[in-house]
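S.K.: Got a sequence here, can you build the structure:
(one chain, ligands or ions: 2)
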Amino acid sequence: VILAVAIDTPLRRLFDYLPPLHADPRSLRPGQRLWVPFGRRRVIGVLMQLRERSELSPDKLRRALAPVDEEPALDATLLEILDWAAEYYHHPIGDVVAAALPTALRTGAPLEAPRRVWRLTEEGRAAESGLPARAARMRAALQYLKEHAEAAGPELLASGATGAVLKNLQQRGFIEQHELARESIPSVAVRPGPSLNPAQAAAVEAVRDGLGTFRSLLLYGVTGSGKTEVYLHAIATVLARGAQALVLVPEIALTPQLIARFGDRFDAPPAVLHSGLSDGERLAAWRRARSGEARIVIGTRSAVFVPLAQPGLIVVDEEHDASFKQQEGFRYSARDLAIVRAQRHGIPIVLGSATPSLETLARAQRQPETLLSLPHRAADAQPPRLTLVDLRSHAGAQGIATPVLMTMQRHLEAGNQVLLFLNRRGYAPVLFCPKCGWSAHCPRCDAHLTVHGRSQALVCHHCGAQQQAQQQCPSCEAAVKPVGQGTERIEETVRQLFPDAPLARIDRDSMRRKGELEETLARVDRKEVSILIGTQMLTKGHHFPNVTLVVVLNADQGLFSTDFRASERLAQTIVQVAGRAGRAERSGEVLIQTEYPEHALLKLLLDGGYESFASGALRERQQTSWPPFARIALVRAEAPKPIVAMRFLQAAVDAGHGLPRKGVKLLGPAPAPMERRAGRYRAQLLLHADTHGPLQKFLRSWLPRVEALPDAKRARWSIDVDPVELF
Ligand SMILES: [Zn+2]
Ligand SMILES: [Zn+2]
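M.R.: Ligands and ions are numbered 1, 2, ... in the order given. Okay, the predicted model is just below:
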């Protein structure tokens, strides 16, 4: 028997091993962790397959050292999904499998929370003197227990003890074993929620009817229509059947309200998984999901890989959000993998959004029975009124037009909150010399440096480079000045104009400290803040019931981008941020500042909302043959020397000649829109096909040739299947 093992390396293959000496190969199962020799190291791999033979000659095969656990860490369905993902995204299987395991498990932590632990006895605590002089291992084990109070057997073994050492210490009465009480799987009490309106009730019914079979449902509900209530009711049914629910959200810190509502409704703490956890916390949440002890699992992107004992339902909230796509390394879409996962488990998945991605919307339109609409705000609240403010015909103060200032005044006087949205952090996007036209550029990127901290620092938003800001132009010595607006500058202006209004700014710079965002959101909810200024972070799910005026300070970023997704993203942002205005009895007002009030996108949004925009955009995508009416993949390459990336991609194009390609077009190579970034020269090659099959087939035969090109080692390159950013 040959063991095919996934190991965390950049190589796109499995590694063959002979079974460990003292293990019965029949007891080994795919998904099990194994200690294996790898080069000169000893690493943990995951057994993927048992094979009859290897392509390596027998004398080259090494022997696996030992299984880490007695049972598989990853179940068969999850392994299938990881296999599928590695193939679909053309990413090394070892790295894909590593993405599914918490760091602690990749370094040897036990699979299950320990049931039996070792502790020191009274004698053990004073044992130092009673030990033979050369008993270094015994001493080390005692020391370990002194420091950790208790430890499971595998933990002690990993710290250098052996079974014989532990037995010896036990016989001497220095250590003893304790059983930990096993946490039983609780039955969950569900508290009643508010009653549902007919649209919500119909949506819940549709989810309930399909439990136990795969269906991908789109819950398309305007902001404030009560999508969360639909999730909660559907999940209550899932829990009553003894199954688990997995809920994926864009960002945990921005969803305290959602998590609080789960806590209020269900008498069972959800397992929460996100990037802010320590290794230990992550492992604990992962174990609770795997054992079934956590009935509800809430997490960001990577939670799509968490094992579930009894999967019953998957929910992807704000499914349009770009954060579900991993943008580096293993470039997967958690939303798309969640659909694959639901399919393999045979369970329904609910994708919820007020502004669904065009992919999801097109799919739902092809199968109308999977579209669940919540067309109205709950409790008869009125939708906000949207108005364009033409920046060309209105004077303004530092980026805020006079009519906007007057409207702000009116809302503040009525005791309401005002939200100003600008998707640009920092003080100003450009430092400029009015005399000679010089402007501050990043030395390592083809980009302007952003002015931060009034005029103190210059920061590159692309590579993170920082320097002190000049006060004088380096070429003509005239005084330079910051041009344009960032959130810091808007904050400064608003403080001057509304000195009595308490203000909060929410962006990545002001919310660095852990817990700061939650604190600020709570202050806003307690009405201790009147004016809220912020970036994209404000559009991700948090509701501000006391905000009655939303101002989009600059709608023009994105109107003229060359990325075919830019208009979709802009429409989603405007609709999402507009949805923060007005609740229940108070109807809201939304002002959108623009220099292009005649732009077709803005007109569609104003006249018919997201729906008109989406149908217009879908028609355009169809005519121009972009996703969802085509499939694309992007090869990105970069190198410290100028020509290398372009040369490599040209060679890659040439390597495709003669391969069957059936409608697959290779567009490029072309220099990236920002060619130099962090000191590297970048280029890209776009692959385009009408459907997914031929594109995948071409990639399978083409990528091995690309990998073998001489420049493949000189350029850093990657493949991105279904990219969401084209740059
Ligand atoms: Zn100058
Ligand atoms: Zn830079």
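S.K.: Quick check on residue 449: phi, psi?
M.R.: phi -90, psi 140 (degrees, to the nearest 10).
S.K.: The residue nearest to it when sequence neighbours are not counted bridge partners, please.
M.R.: Excluding its sequence neighbours, the residue lying closest to residue 449 (Cβ to Cβ, 6 or more residues apart in numbering) is residue 458, at 3.9 Å. In this view, the C-beta of every residue, glycine as well, is placed from N, C-alpha and C. Taking DSSP bridges as the rule, residue 458 bridges to residue 451, residue 467.
S.K.: How about the contacts made by residue 458?
M.R.: 431, 440, 449, 450, 451, 452, 466, 467, 468, 469 (Cβ atoms under 8 Å, 6 or more residues apart in numbering).
S.K.: Check the residues you listed for burial and list the buried ones.
M.R.: Among those, those buried by neighbour count (16 or more other Cβ atoms under 10 Å) are 431, 440, 449, 450, 451, 452, 469.
S.K.: Hmm, which of those is lowest in pLDDT?
M.R.: Ranked by pLDDT, those bottom out at residue 469 (90).
S.K.: That one contacts residue 459, doesn't it?
M.R.: No. Here residue 469 does not reach residue 459: they are 9.6 Å apart, not a contact under Cβ atoms under 8 Å.
S.K.: what is the rounded mean pLDDT of stretch 306-315?
M.R.: For stretch 306-315, the per-residue pLDDT averages 97.
S.K.: picking up where we left off before, could you dump the contacts of residue 458 into a markdown table with distance to residue 555 added?
M.R.: Output for these, formatted as a markdown table (distance: Cβ to Cβ, whole Å):
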| residue | distance to residue 555 |
| --- | --- |
| 431 | 25 |
| 440 | 26 |
| 449 | 25 |
| 450 | 20 |
| 451 | 22 |
| 452 | 24 |
| 466 | 30 |
| 467 | 31 |
| 468 | 33 |
| 469 | 28 |
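S.K.: For the residue lying closest to residue 303 once chain neighbours are set aside, give me the pLDDT.
M.R.: In space, and not counting its chain neighbours, residue 303 is closest to residue 273: 4.4 Å by Cβ to Cβ, 6+ apart. Looking at residue 273, its pLDDT reads 93.
S.K.: before we move on, what about residue 257?
M.R.: Confidence score, pLDDT, at residue 257: 79.
S.K.: from now on call the first residue 16
M.R.: Sure thing, new numbering starts at 16, so read that last one as residue 272.
S.K.: how about it, what does it touch?
M.R.: So residue 272 contacts 556, 557, 558 (Cβ under 8 Å, 6+ apart).
S.K.: and the longest strand anywhere in the chain, which residues are buried?
M.R.: Scanning the chain for the longest strand, with DSSP state E as the assignment, gives strand 680-692. Neighbour-count burial for strand 680-692 flags 681, 683, 684, 686, 687, 690, 691, 692 (criterion: 16+ other Cβ under 10 Å).
S.K.: got TSV for those residues, with pLDDT and distance to ligand 2 too?
M.R.: Formatted as TSV, the buried residues of strand 680-692 follow (pLDDT from 0 to 100; distance: Cβ to the ion, whole Å):
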residue	pLDDT	distance to ligand 2
681	96	30
683	88	24
684	96	23
686	94	17
687	92	14
690	94	12
691	95	9
692	94	7
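S.K.: could you dump those residues to CSV with distance to residue 79?
M.R.: Formatted as CSV, the buried residues of strand 680-692 follow (distance: Cβ to Cβ, whole Å):
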residue, distance to residue 79
681, 42
683, 44
684, 43
686, 47
687, 43
690, 47
691, 46
692, 42
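S.K.: closest to residue 44 among these?
M.R.: Residue 44 has its nearest neighbour among those in residue 681, at 42.3 Å by Cβ to Cβ.
S.K.: what's the closest one in contact with, if anything?
M.R.: 668, 671, 700, 701, 702, 703.
S.K.: Intersect those with the contacts of ligand 1.
M.R.: Among the contacts of residue 681, no residue is within reach of ligand 1 (Cβ under 5 Å from the ion).
S.K.: Give me the subset of those that lies in helices.
M.R.: Among the contacts of residue 681, the members found in helices (DSSP state H) are residue 668.
S.K.: which one of the contacts of residue 681 has the most neighbours?
M.R.: residue 700 (25 neighbours; other Cβ atoms under 10 Å).
S.K.: Okay, that residue and residue 133: tell me how far apart.
M.R.: 57 Å (Cβ to Cβ, to the nearest Å).
S.K.: Can I get the contacts of residue 681 in CSV including distance to residue 552 and pLDDT?
M.R.: Below are these laid out as CSV (distance: Cβ to Cβ, whole Å; pLDDT from 0 to 100):
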residue, distance to residue 552, pLDDT
668, 40, 97
671, 42, 94
700, 33, 97
701, 31, 96
702, 34, 97
703, 34, 97
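S.K.: In contact with residue 439, which residues?
M.R.: 499, 500, 501, 502, 550, 569, 572.
S.K.: Could you do residue 586 as well?
M.R.: 370, 616, 620, 625, 628, 629, 632.
S.K.: Using pLDDT, spot the least trustworthy of those.
M.R.: Within the contacts of residue 586, pLDDT is lowest for residue 616, at 87.
S.K.: my read: that residue touches residue 582, true?
M.R.: Yes. Residue 616 lies in contact with residue 582 (Cβ under 8 Å); the separation is 5.3 Å.
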